[in-house]
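Undergrad: the following block contains a protein sequence and its predicted model.
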Amino acid sequence: PSIPAGPASKCLWMVLLLGIIRTIESVNCPKECTCQYLVVNCTGKQLSEFPSELPLDTRQLILAHNKLSYLPAVELNFLSDLIYLDCSGNTLGEDLDFTFVSIIKLVYLDLSFNNLTQVTFDTFSQLGSLVVLKLSDNPSLMEIEKDSFANNTWLRHLDVSRCSLLFIDTSTVRDLPNLRSLGLSGNPWFCNCSFMELCDWIKESGVTIPDPDNVTCYSPAFVHGFRMLEEAQEQLQLKCYIHFDDHDYLFLGLVGFCIFSAGTVLAWILGVCAHVYLEMSSTKETGLRLFNTS
Ligand SMILES: *[C@@H]1O[C@H](CO)[C@@H](O)[C@H](O)[C@H]1NC(C)=O
Ligand SMILES: *[C@@H]1O[C@H](CO)[C@@H](O)[C@H](O)[C@H]1NC(C)=O
Ligand SMILES: *[C@@H]1O[C@H](CO)[C@@H](O)[C@H](O)[C@H]1NC(C)=O
Ligand SMILES: *[C@@H]1O[C@H](CO)[C@@H](O)[C@H](O)[C@H]1NC(C)=O
Ligand SMILES: *[C@@H]1O[C@H](CO)[C@@H](O)[C@H](O)[C@H]1NC(C)=O
C-alpha cells in the first residue's frame, strides 16, 4: 500500500521553509536579544553598546534596563520602519539632537529613567508621527527649550515627571492640539506669573495631569511647597492679576495725597463760605432789627 504522497511532501516543505525562516531570523537577531515577528527584545541584558545586526524591518525595539550611554544615529536610523522604541532605564545623557532623524514612523518613544540633560527643537523635530513621549525620571533634565515639540503635533501623552525642570513655556505644550495627558509632577517648579499662565491653560484645555498633588512649586519662597493647580494658583492670581509694583504704590500715594489735599482745600472753602454766610445773615438780622426798632 502506498502512502499518500501529497500531504507528506507538503509537510516536508513546511518544515524546510520554517527551518529557512528560523535560520534567517537567527542570522539577523543579535545574540543577546530575542526576535519575534518584527519585535526585538533586549531587556535587561547589560548591553553597553547598541546591538548590531538588528533586522532591518524591526517595528518594535526594546532596549530597556541596559547600560547604553549613547545611541548611534546611523545604525538606529537604518531601522526606517521602527514604530516603537523603548530605551528606558539606561544612562543616555549625551546630546540627543539629530539622533532620531529618519525613523520618522516612530509613534512611541520611551526615554524615561535616563540621564538626559536638555531637550531642544532638534531632539524630536523629525518625529512627526510621535504620539507617546516619556521623558520622566531624568534627574539631570533641567531644560526643555521653548517649542521643543513644535513639530510633534500628534503628541497625545507627554511625561516629564520627576526631572529637574524649573520652567516650561506655556506655548511648548499649548500648541499641541492632540495633547491629552501631561505629566509634570516631582519637578522643582519656579512659579512666577508665566507659570500662572500654564495653570490657566491646563484648566481651560482639560488636559489630564497625572498625580496632581505632587505638582508643587519650589520657588519663589511665598509659594514653596504649594500645589500648583490649587493653592499656588490662588496665591499667584493675587500677585499676578491684582499686582502692585513700586510704580503703582507711588501712583496710589500721589492719588491719596491729591484726594487728601483736595478735601482739605474743599473743607477750607466750605468753612470760609459758611463763615461769610453767617456773617452776612447776622449783618442782615442786625439791619432788620435796627429797621424794626426805628
Ligand atoms: C521583553 O523581555 C522581557 C524579559 O526578557 C519581558 O519581561 C518582556 O515582557 C518582554 N517584552 C515584550 C514586549 O515582549
Ligand atoms: C549623568 O550626567 C551627569 C552630568 O552630565 C554626570 O555627571 C553623571 O555622571 C551622569 N550619570 C550617569 C549615571 O551617567
Ligand atoms: C517637521 O516634520 C516634518 C515631517 O513630519 C519634516 O519633514 C520637517 O523637516 C520637520 N521640520 C523641521 C523644521 O525639522
Ligand atoms: C518666569 O521665569 C522664566 C524662567 O526663568 C522666564 O523665562 C520668564 O520670563 C519669567 N516670567 C515672568 C513673567 O517673569
Ligand atoms: C508623590 O510623591 C511621593 C514621593 O515623591 C510618592 O511617595 C507619592 O506616592 C506621590 N503621590 C502620588 C499621589 O503618586
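TA: Yes, it's here. Numbering: from 1, shown residues only. Ligands and ions are numbered 1, 2, ... in the order given.
Undergrad: use CA for all of it now, contacts and neighbours both
TA: Fine.
Undergrad: which residues in this protein form helices?
TA: Under the criterion DSSP state H, the chain contains helices at 5-28, 73-77, 121-124, 170-174, 193-205, 233-241, 246-293.
Undergrad: weakest of those helices in terms of mean pLDDT?
TA: Note on these: helix 5-28 shows the lowest mean pLDDT, a mean of 55.
Undergrad: please parse the protein into its domains.
TA: The chain breaks down into these domains under automatic domain parsing: 25-183, 246-294.
Undergrad: how about a markdown table for these, with distance to ligand 4 added?
TA: Shown next, in a markdown table, are the domains of the chain (distance: least, C-alpha to the nearest ligand atom, whole Å):
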| stretch | distance to ligand 4 |
| --- | --- |
| domain 25-183 | 6 |
| domain 246-294 | 16 |
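Undergrad: point out the most buried one among these.
TA: Of the domains of the chain, the one with the most neighbours on average (mean count of other C-alpha atoms under 10 Å) is domain 25-183, at a mean of 19.
Undergrad: so for the nearest residue to Val131 once chain neighbours are set aside, what's the pLDDT?
TA: Once flanking residues are discounted, Val131 sits nearest to Leu155: 4.1 Å by C-alpha to C-alpha, 6 or more residues apart in numbering. Per-residue pLDDT puts Leu155 at 97.
Undergrad: check contacts around Leu155.
TA: Neighbouring residues of Leu155 by C-alpha atoms under 8 Å, 6 or more residues apart in numbering: Ser129, Leu130, Val131, Val132, Leu133, Leu176, Asn178, Leu179.
Undergrad: now do the contacts for Val255.
TA: Contacts of Val255 (C-alpha under 8 Å, 6+ apart): none.
Undergrad: for Ser261, see how far away it is.
TA: Val255 sits 10 Å away from Ser261, going by C-alpha to C-alpha, to the nearest Å.
Undergrad: same check, this time on Leu38
TA: From Leu38 across to Ser261, the span is 85 Å (C-alpha to C-alpha).
Undergrad: got it, and Leu47?
TA: Distance, Leu47 to Ser261, by C-alpha to C-alpha: 81 Å.
Undergrad: repeat that for Ser171.
TA: Taken as C-alpha to C-alpha, the span from Ser171 to Ser261 is 48 Å.
Undergrad: what of Val276?
TA: Distance from Val276 to Ser261, by C-alpha to C-alpha: 22 Å.
Undergrad: Ser282 now?
TA: Ser282 is 31 Å from Ser261, by C-alpha to C-alpha.
Undergrad: stretch 125-133 and ligand 3, are they touching?
TA: Yes. Shown here: stretch 125-133 in contact with ligand 3 (C-alpha under 6 Å from any ligand atom) through Ser125, Gln126, Gly128.
Undergrad: thought the last one was touching Phe149?
TA: No. Under the criterion of C-alpha atoms under 8 Å, Gly128 lies out of contact with Phe149, with a separation of 9.6 Å.
Undergrad: can you pull the contacts of Thr117?
TA: Contacts for Thr117 were tallied using C-alpha under 8 Å, 6+ apart; they are Gly93, Glu94, Asp95, Asn138, Ser140, Leu141, Met142, Glu143.
Undergrad: spit out the contact partners of the fifth one.
TA: In other words, Ser140. Neighbouring residues of Ser140 by C-alpha under 8 Å, 6+ apart: Asn115, Leu116, Thr117, Cys163, Ser164.
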